[in-house]
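J.: dropping a prediction and its sequence here:
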Amino acid sequence: MSEASPHAQNSPLLEVKNLSTSFRTEHGVVHAVDDVSFVLDRGKTLGVVGESGSGKTVLARSIMGLLPKRNVIRGGHVLYEGEDVISYNEKQMSKVWGAEMAMVFQDPMTSLNPVMKIGKQITESLRHHLGVDKDEANATATALLRQVGIPEPERRLSEYPHQLSGGMRQRVTIAIALACGPKILFADEPTTALDVTVQAQILDLLDDLQRDRHMAMILVSHDLGVVASRTDEIMVMYGGKVVEQASTSELFRNVRMPYTEALLRSIPRIEDPSHTRLEAIPGRPPNLLSPPPGCNFAPRCRYVQERCLVEEPPLESENGHVWRCWYPVGTDSNREALARNVAAGVPVGIPAPGPMSSVGDR
């Protein structure tokens, strides 16, 4: 698969069509990813944004085939260079992992093997996919550590993960992910476990590496501020569904989905006075075991109307910008809905009934 055909070179690098993933649990079926479609071209970055439980991580793992072997229901298509990999077994996918697609996970301490030296963890994939000898693998590992900004890379090869700081461990996971030159990098909340001072360094590093290697990247985050200047396109997820998607510039210029607007309103602003209270989204995400009728976001939406509670909105599209809402932000119908709610004193932020799903965004 490493050498794409001329047809594949002219097609999108990754095309996801109607992808759905559900989990069977003792309480019922959890619909974690529901009918998601998108296209990712070579060298481009897609930001996938949403709260915990929105299905972002399950989406990334579904595309890569990194799901439990039991009690999983997966449907749709994942076309990588024109070839549908969703039906691949583990042996077939092992040729894709690392060499074609790779992932940087949220917490480097849990994604690294605590009893294996750093050098061994990097060279393992090099020797498996590229067939290089031990000396060449060690030299490549040293070069990778140097490339991701780790000082004294030769010495670090013989150290264990617990001997490194959180930021250095995340740099190691990036080195492992890039070792075999994948064409797509999934960065799943890559700065969640890091200090604020280190987060920007890691994100800048990913930007530089992507540009140097001409990789495509899917950047998963709960923070629209993180993806604002680092992506070509943004896909917003809520309750396992795509609720808005557009080019990054278009989305920030012309927000349509109330959930996207609520995420933007919750971002701290430098111009706000000190100790300004952050604006949180009221309520909580829907129970994916038993989603509410109508729009999933309705119980938390400031514009909610009777129709929203009983009828699920379809995805609307205009010039490549898609959204899922009966009363899109910025329209007359939206302003009228808000005015009616204010006049009637309608409360928002009522928690959805039932317990939250334990599968959520894992």
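T.: Nice, I can see it. Numbers count the residues shown, from 1 in each chain.
J.: got any ranges where this protein has weak pLDDT?
T.: 1-10, 348-362 (pLDDT under 70).
J.: quick one: the most centrally placed residue in the chain from residue 56, how far?
T.: In the chain, the residue lying closest to the centroid (Cα atoms, centre = their mean) is residue 220, at 2.6 Å. Residue 220 sits 5 Å away from residue 56, going by Cβ to Cβ, to the nearest Å. Just so you know, the C-beta spots here come from the backbone N, C-alpha and C atoms, and that holds for glycine as well.
J.: what's the overlap in contacts for the two?
T.: The contact sets of residue 220 and residue 56 overlap at 48-49, 188 (Cβ atoms under 8 Å, 6 or more residues apart in numbering).
J.: of those, which is the nearest to residue 82?
T.: residue 48 (22.5 Å; Cβ to Cβ).
J.: hang on, the earlier thing: in helices, which of the shared contacts of residue 220 and residue 56 appear?
T.: Using DSSP state H, no member of the shared contacts of residue 220 and residue 56 sits in helices.
J.: please identify the helix or strand for residue 192.
T.: If you go by DSSP states H and E, residue 192 is not part of any helix or strand.
J.: ok, it touching residue 106?
T.: Yes. Residue 192 lies in contact with residue 106 (Cβ atoms under 8 Å); the separation is 4.8 Å.
J.: sec struct for residue 250, please.
T.: Secondary structure, DSSP: H, G, I helix; E, B strand; the rest coil: residue 250 is helix.
J.: tally of neighbours for it?
T.: Counted by other Cβ atoms under 10 Å, the residues lying close to residue 250 total 17.
J.: for it, which non-adjacent residue is closest in space?
T.: Spatial nearest neighbour of residue 250, excluding adjacent residues (Cβ to Cβ, 6 or more residues apart in numbering): residue 321 at 5.5 Å.
J.: and that neighbour, what does it touch?
T.: Counting by Cβ under 8 Å, 6+ apart, residue 321 makes contact with 244-247, 250-251, 254, 256.
J.: rewinding a little: between residue 192 and residue 106, which is the more surrounded one?
T.: Between residue 192 and residue 106, residue 106 has the larger neighbour count (other Cβ under 10 Å), namely 18 against 15.
J.: and that one, what does it touch?
T.: Neighbouring residues of residue 106 by Cβ under 8 Å, 6+ apart: 57, 188-190, 192-193.
J.: how about the strands in the stretch 101-250 of the chain?
T.: Remark: strands assigned in the stretch 101-250 of the chain by DSSP state E, counting those that start in this stretch are 101-104, 184-188, 216-221, 233-238, 241-247.
J.: closest one to residue 85 among the ones you listed?
T.: The closest of the strands of the stretch 101-250 of the chain to residue 85 is strand 101-104. By Cβ to Cβ, the value is 8.9 Å.
J.: which strands or helices does the closest one pack on?
T.: Packing partners of strand 101-104 (3 or more Cβ pairs under 8 Å, 6 or more residues apart in numbering; DSSP states H and E): helix 56-64, helix 166-178, strand 184-188.
J.: that older thread, dump the strands of the stretch 101-250 of the chain to TSV, plus distance to residue 162.
T.: Below are the strands of the stretch 101-250 of the chain laid out as TSV (distance: least, Cβ to Cβ, whole Å):
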stretch	distance to residue 162
strand 101-104	19
strand 184-188	22
strand 216-221	26
strand 233-238	34
strand 241-247	39
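J.: just so I know, which of those lies nearest residue 166?
T.: Smallest distance to residue 166 across these (Cβ to Cβ): 13.5 Å, for strand 101-104.
J.: so how far is the closest one off the chain centroid?
T.: 12 Å (Cα atoms, centre = their mean, to the nearest Å).
J.: got the contact list for that strand?
T.: Residues outside strand 101-104 that contact it (Cβ under 8 Å, 6+ apart): 60, 63-64, 66, 80, 170, 173-174, 176-178, 180, 182-188, 190, 206.
J.: and for stretch 203-213?
T.: For stretch 203-213, contacts defined as Cβ under 8 Å, 6+ apart pick out 43, 45, 104, 147-149, 171, 174, 178, 181, 185, 187, 190-191, 215, 217, 219, 226, 230.
J.: now a PyMOL select for only the buried ones of those residues.
T.: Command for PyMOL that selects the buried part of the contacts of stretch 203-213, burial taken from 16 or more other Cβ atoms under 10 Å:
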select buried, resi 45+104+147+148+149+171+174+178+185+187+190+191+215+217+219+226+230
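J.: ok, which of the strands of the stretch 101-250 of the chain comes nearest residue 280?
T.: Smallest distance to residue 280 across the strands of the stretch 101-250 of the chain (Cβ to Cβ): 15.5 Å, for strand 233-238.
J.: show me what the closest one is packed against.
T.: Secondary-structure packing of strand 233-238 (3+ Cβ pairs under 8 Å, 6+ apart): strand 45-49, strand 241-247, helix 248-253, helix 258-265.
J.: can I get those in JSON lines with distance to residue 202?
T.: Converted to JSON lines, the helices and strands packed on strand 233-238 look like this (distance: least, Cβ to Cβ, whole Å):
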{"stretch": "strand 45-49", "distance to residue 202": "15"}
{"stretch": "strand 241-247", "distance to residue 202": "25"}
{"stretch": "helix 248-253", "distance to residue 202": "20"}
{"stretch": "helix 258-265", "distance to residue 202": "22"}
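J.: for the ones you listed, which one sits closest to residue 277?
T.: Each of the helices and strands packed on strand 233-238 has some distance to residue 277 by Cβ to Cβ; the shortest is helix 258-265, at 12.1 Å.
J.: and the angle for the closest one with strand 233-238?
T.: 110 degrees (axes from the mean of the first three to the mean of the last three Cα atoms, to 10 degrees).
J.: dump the C-alpha coordinates for helix 258-265 into PDB.
T.: What follows is helix 258-265, C-alpha atoms only, in PDB (Å, rounded to 0.1, in the frame of the first residue of the first chain):
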ATOM      1  CA  PRO A 258     -25.400  26.900  18.400                       C
ATOM      2  CA  TYR A 259     -23.100  24.200  19.900                       C
ATOM      3  CA  THR A 260     -20.100  25.600  18.000                       C
ATOM      4  CA  GLU A 261     -21.100  29.100  19.200                       C
ATOM      5  CA  ALA A 262     -21.200  27.900  22.800                       C
ATOM      6  CA  LEU A 263     -17.700  26.400  22.500                       C
ATOM      7  CA  LEU A 264     -16.400  29.700  21.200                       C
ATOM      8  CA  ARG A 265     -18.100  31.600  24.000                       C
END
